[in-house]
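>>> predicted model, plus sequence, below.
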Amino acid sequence: MTPLPLAGRRVVITRAADQVAPLAQRLVALGVEPIVMPLIEIVDPSDGGVALRDALDRLSDFDWLVVTSPNGAERVSRAVAALGHNRPRLAAVGTTTAAALSVAPDLVPQRQITHGLLDEFAIGDGRVLIAQAESAEPDLAEGLATKGWTVEVVAAYRTVATNPSRASNSALLLAVLSADAVLFASGSAVRAWIDVLGSATPPVVIAIGPATASVAERLGLKVSAISADHSVDGLVACLQDYLLGHG
């Protein structure tokens with residue numbers, strides 16, 4: 001039997017508990033032993049979703065609906081499907097976000113980051129609704145406004161740190177810090193890691209994209225590699241390439 005390419009490697013997953021399975025399954029298929037330490041949770045925005053529901057009730061009034069993450073896409077998907085052909089045009093920041101929508105978006109940028117979306121978004125004078133995380137940076141809204149669009153931003157969800165005591169078990173901490181690598185799929189997970197473990201990490205740190213890497217580096221973590229494709233598959237491919245390329 002051909003040995004699995006990453007047999008014996010141990011890798012920490014920091015995603016929300018309900019999002020761990022797809023990533024863990026891909027790692028196991030490569031021979032990795034996943035160490036699951038969820039540090040974040042995806043919850044309703046602070047207003048309980050009132051503003052989101054109001055915006056979705058007016059969805060047909062917009063020319064574009066823009067989603068910036070799978071979490072946001074999932075929370076607008078039903079309203080998009082209900083409108084059918086009366087829906088606004090859809091833009092998703094990347095392929096993973098696009099896959100979480102109920103219909104194929106009209107725009108997915110080649111560079112799957114906010115600035116990639118801004119680069120490809122046309123100049124216009126209509127209305128754009130952005131559904132994003134409550135704590136998201138204003139770059140996208142500001143960029144679209146400079147292109148002439150009237151922009152409304154609504155919080156679709158909120159990312160919160162889980163109780164740090166879940167990571168306080170000494171055996172788990174030892175396993176985490178003695179692992180071969182850690183994967184970060186969001187800046188929120190990085191910030192939660194810092195709150196629990198400080199700047200200590202396994203020797204290899206892989207970030208799902210430049211935004212996550214920027215948060216990590218700003219907080220003092222050394223990022224080993226950044227996934228070119230900002231998706232679970234891209235994250236796993238980046239990990240595999242890095243570990244096999246560095247012995």
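Happy to help now that I have it.
>>> quickly list the domain ranges of this structure.
As given by automatic domain parsing, the domain ranges for the chain are 10-39+162-245, 50-159.
>>> out of the ones you listed, nearest to Thr2?
The closest of the domains of the chain to Thr2 is domain 10-39+162-245. By CB to CB, the value is 10.6 Å. In short, each C-beta sits where N, CA and C put it, glycine included.
>>> what kind of secondary structure is Leu6 in?
Three-state call for Leu6 (DSSP: H, G, I helix; E, B strand; the rest coil): coil.
>>> how about Leu183?
Under three-state DSSP, Leu183 comes out as strand.
>>> please look at Ile13 and Ile40 and confirm they touch.
No. Using CB atoms under 8 Å, Ile13 is not in contact with Ile40, being 11.4 Å away.
>>> report the buried residues of the helix or strand bottoming out on mean pLDDT in the chain.
Lowest by mean pLDDT, DSSP states H and E among the helices and strands of the chain is helix 170-177, with a mean of 82. Within helix 170-177, the residues that count as buried by 16 or more other CB atoms under 10 Å are Val176.
>>> mean pLDDT for the domains of the chain: which is lowest?
Note on those: lowest mean pLDDT is at domain 10-39+162-245, with a mean of 90.
>>> report the contact partners of the closest residue to Ile123 other than its chain neighbours.
Spatial nearest neighbour of Ile123, excluding adjacent residues (CB to CB, 6 or more residues apart in numbering): Lys147 at 4.7 Å. Applying CB atoms under 8 Å, 6 or more residues apart in numbering, we find Lys147 in contact with Leu118, Phe121, Ala122, Ile123, Gly124.
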